[in-house]
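[1] Fold the following.
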Amino acid sequence: MRQIITWARSDTGIQICRQHRLAPDKFIAAANAHAAYADESTGRSLTAARETLAEYAGISTDVLDRARRILRRIGAAVEIVCGRYLTIAERIEASLAHGGRQLRAASVWALTSKFALDPSVYPQFPNRADLPENPLGSLGISRSRVVTNARASRRAKAGTTSCPRPLRTQIAAARLADRLAPTMPDYRGIDRDGHYVPGTSHQHIGAIADALTDAGIDTHRWTGDAIADRITEFRHDRTLPRLTSPAAFLRWQLRALADVWAGPTPAERRAHIQVERAAAREAELARRAANPPASEQTRAAARADLRQLLATRSTHSGPRTQVRRDRFGRRVR
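    Numbering: from 1, shown residues only. Okay, the predicted model is just below:
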């Protein structure tokens, strides 16, 4: 929050707030509301509703939306999952999970501190080339170098990697965790109203992201909702056991559906159907263009020929003689 306050009261922050028709103090209040409902240690799992944040900050929802645009613009907040209406099956699962009525799923936001648009706002450390030369020379003893080498050796022994998980995989994992919340509640850490509960023990979303990667799922093709739909269909005719390890159960389901992930996604199937329909429509238009309907002159000529034919037939047949019959159907001369 100190960074937000410093930025909002700088020339750059005041100018950007003025562009969004928002006072810096209200922007600070909105950012403080986001920070209050986010995870205290990581800044993630912000699932509070807009009305709740606006009431906490003492502003309207429109002002909160403008503040969110600024937070997104400067990179101080990222919307991981967009809010949406729940399906009928998800509403039933939600009612079984917390006993209340839930119609919508809240959006999930994450806060970050690396958002400075103007480098002059925060003090920058000098470059290594600008530092004075070490009077002890290149062989001088430096404690910072010793500490750095010790830390580097510990990192090498730990075998950790600095490569982050792909963003699409993280988004798919967050969406999948939101859809599978009744069976995997430890990966959300929220109460029945969808608000984050500080101090609750919850698992990191990276475990689900690693499960998707190990299963070989291409998250550029498969979204979190599509994966959740296939898992729901897979569970439809099966009785769920008492889950002691939801993450292991999820990994088993992802491996069991390996043939599904190798096939086309729902979006790809819809696109294929649309292509087929477009091709059929083009073929029908081409057939109609090759066989155009008769013109008005052709229709008038055909009607004239038909009238002439009927007139000729009536002339050759002659007048009809009426046959009189009595009440018993016999001819009367």
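[2] buried ones in the helix or strand Asp259 falls within?
    According to DSSP states H and E, Asp259 maps onto helix 258-262. Across helix 258-262, burial judged by 16 or more other Cβ atoms under 10 Å covers Val260, Trp261. Placement of C-beta: from N, CA and C, glycine included.
[3] Mind listing residues that contact the next helix or strand after it?
    Using DSSP H and E, the helix or strand that follows helix 258-262 in sequence is helix 266-290. Helix 266-290 is contacted from outside by Arg221, Thr223, Ala226, Asp229, Pro264, using Cβ atoms under 8 Å, 6 or more residues apart in numbering.
[4] quick check, nearest of those residues to Arg72?
    Closest approach to Arg72 among the contacts of helix 266-290 (Cβ to Cβ): Thr223, at 21.0 Å.
[5] these two touch, right, the closest one and Ala172?
    Yes. Between Thr223 and Ala172 a contact is recorded at 6.1 Å, counting by Cβ atoms under 8 Å.
[6] And for Ser60, the neighbour number?
    Applying the criterion other Cβ atoms under 10 Å, we find 14 residues in the vicinity of Ser60.
[7] go on, Gly206?
    Neighbour number of Gly206 under other Cβ under 10 Å is 13.
[8] cool, and the one 4 residues further on?
    By the measure other Cβ under 10 Å, the count of residues near Asp210 is 16.
[9] what about it, which helix or strand?
    helix 206-214.
[10] how close does the closest residue to Ala94 other than its chain neighbours get to Arg179?
    Nearest non-adjacent residue to Ala94, counting by Cβ to Cβ, 6 or more residues apart in numbering: Gln102, 4.2 Å away. Using Cβ to Cβ, to the nearest Å, Gln102 is found at 13 Å from Arg179.
[11] got a list of what the residue lying closest to Arg179 once chain neighbours are set aside touches?
    Leaving aside its sequence neighbours, Arg179 sits nearest to Ala228 (Cβ to Cβ, 6+ apart; 3.6 Å). Ala228 sits next to Arg175, Leu176, Arg179, Leu180 when contact means Cβ under 8 Å, 6+ apart.
[12] neighbour-wise, which of those residues leads?
    Within the contacts of Ala228, most neighbours by other Cβ under 10 Å means Leu176, with 29 neighbours.
[13] Contacts only, for that residue.
    Neighbouring residues of Leu176 by Cβ under 8 Å, 6+ apart: Ile208, Leu212, Gly224, Ile227, Ala228.
[14] so which of those comes closest to Gln15?
    Once Cβ to Cβ is applied, the member of those that ends up nearest Gln15 is Gly224, at 37.6 Å.
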